[in-house]
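*Asks:* got a sequence here, can you model it:
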Amino acid sequence: MNKYYILNLDPQATHEWDRCVLRNPITGSRPDLNEEVAKVINAEAGSYLIKVSLQIEVLEQSLAAGRKTVELPAEKNPAMLTKQRLAS
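*Replies:* Numbering: from 1, shown residues only. Sure thing, here's the model as predicted:
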């Protein structure tokens, strides 16, 4: 059974739980992997020794844009700036 998820990695995230996030691409919810395993064994009561094989194939990658700050030169005449905007 194939399941598709979006993985977001942000080592700079403020909170540890936001550094590696796995989400459903349609609902945006985080998957409950315990629930997924229970579905495979038909959620029958009991204890199980299970083997989980995880195979990951990257289908598309979108790199995070670098966080750069650019300083713009200050305009000497704000009225001229307004006139230039109106003329555009």
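
*Asks:* where does pLDDT dip in the chain?
*Replies:* The chain contains residues with pLDDT under 70 at 65-88.

*Asks:* what segments of it are strands?
*Replies:* Using DSSP state E, the strands found in the chain span residues 6-9, 20-23.

*Asks:* got these as CSV, with mean neighbour count columns?
*Replies:* C-beta coordinates here come from the backbone N, C-alpha and C atoms, glycine included. Output for these, formatted as CSV (neighbours: other Cβ atoms under 10 Å):
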stretch, mean neighbour count
strand 6-9, 12
strand 20-23, 13
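
*Asks:* out of those strands, which comes closest to A45?
*Replies:* Ranking the strands of the chain by proximity to A45 (Cβ to Cβ) places strand 20-23 first, at 27.8 Å.

*Asks:* and for the closest one, what's in contact with it?
*Replies:* Contact with strand 20-23 is made by 5-10, 29-31, as judged by Cβ atoms under 8 Å, 6 or more residues apart in numbering.

*Asks:* contact partners for I41?
*Replies:* Applying Cβ under 8 Å, 6+ apart, we find I41 in contact with 48, 50.

*Asks:* CSV please, covering the strands of the chain and showing distance to V52.
*Replies:* Formatted as CSV, the strands of the chain follow (distance: least, Cβ to Cβ, whole Å):
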stretch, distance to V52
strand 6-9, 17
strand 20-23, 15
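
*Asks:* ok so, going back, what would the contacts of strand 20-23 look like in JSON lines with distance to K51?
*Replies:* Shown next, in JSON lines, are the contacts of strand 20-23 (distance: Cβ to Cβ, whole Å):
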{"residue": "Y5", "distance to K51": "21"}
{"residue": "I6", "distance to K51": "26"}
{"residue": "L7", "distance to K51": "23"}
{"residue": "N8", "distance to K51": "28"}
{"residue": "L9", "distance to K51": "27"}
{"residue": "D10", "distance to K51": "31"}
{"residue": "S29", "distance to K51": "26"}
{"residue": "R30", "distance to K51": "24"}
{"residue": "P31", "distance to K51": "19"}
